[in-house]
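Enquirer: sequence? don't have it. structure:
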């Protein structure tokens, strides 16, 4: 199984997920809400609204990417795709 940011989430109450880092600190929050009657997932990072997703998975990814970006000066470029590279040895 491949790791995904949703695995960093705990659900302290129904419909609320808190993303936890390796030191057991909360760094983001996703909540089920209704927007114009449609079910959405509100993504927040350190108290700042990141947006509304249509899936829990996507909302957790959005929060996690904000967390990763917060660790450096440059925008997060995404995870490397090592499978796409050819064999360098020939």
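Expert: Happy to help now that I have it. Values in this document were obtained by computation on a predicted structure and should not be read as measured data.
Enquirer: wait, residue 15 touches residue 32, no?
Expert: Yes: using Cβ atoms under 8 Å, residue 15 is in contact with residue 32, at 4.0 Å. Where you see a C-beta, it was placed from the backbone N, CA and C, and this is true even at glycine.
Enquirer: check which helix or strand residue 27 maps to.
Expert: strand 26-35 (DSSP states H and E).
Enquirer: buried residues in that strand, which are they?
Expert: If you call a residue buried by 16 or more other Cβ atoms under 10 Å, then strand 26-35 has these buried ones: 27, 28, 29, 30, 31.
Enquirer: what strands flank it, and is each parallel or antiparallel?
Expert: strand 16-20 (antiparallel), strand 38-45 (antiparallel) (DSSP bridges).
Enquirer: a markdown table for the ones you listed, including mean pLDDT?
Expert: Shown next, in a markdown table, are these (pLDDT from 0 to 100):
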| stretch | mean pLDDT |
| --- | --- |
| strand 16-20 | 95 |
| strand 38-45 | 97 |
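Enquirer: so which of those strands is nearest residue 2?
Expert: strand 16-20 (17.2 Å; Cβ to Cβ).
Enquirer: for that closest one, what is the distance to the chain centroid?
Expert: In terms of Cα atoms, centre = their mean, to the nearest Å, the centre of strand 16-20 is set 10 Å apart from its chain centre.
Enquirer: what does that strand contact?
Expert: Residues outside strand 16-20 that contact it (Cβ atoms under 8 Å, 6 or more residues apart in numbering) are 5-6, 8-12, 26-32, 56, 60, 63-64, 67.
Enquirer: any low-confidence regions in the chain?
Expert: Applying pLDDT under 70 to the chain flags residues 1, 74-77, 84-90.
Enquirer: if you set the cut-off to 50 instead, what comes out?
Expert: 89-90 (pLDDT under 50).
Enquirer: and the helices in the chain, which stretches?
Expert: Assignment of helices within the chain using DSSP state H yields the ranges 56-69.
Enquirer: next, the angle helix 56-69 makes with the strand holding residue 27.
Expert: Calculated by axes from the mean of the first three to the mean of the last three Cα atoms, to 10 degrees, strand 26-35 forms an angle of 140 degrees with helix 56-69.
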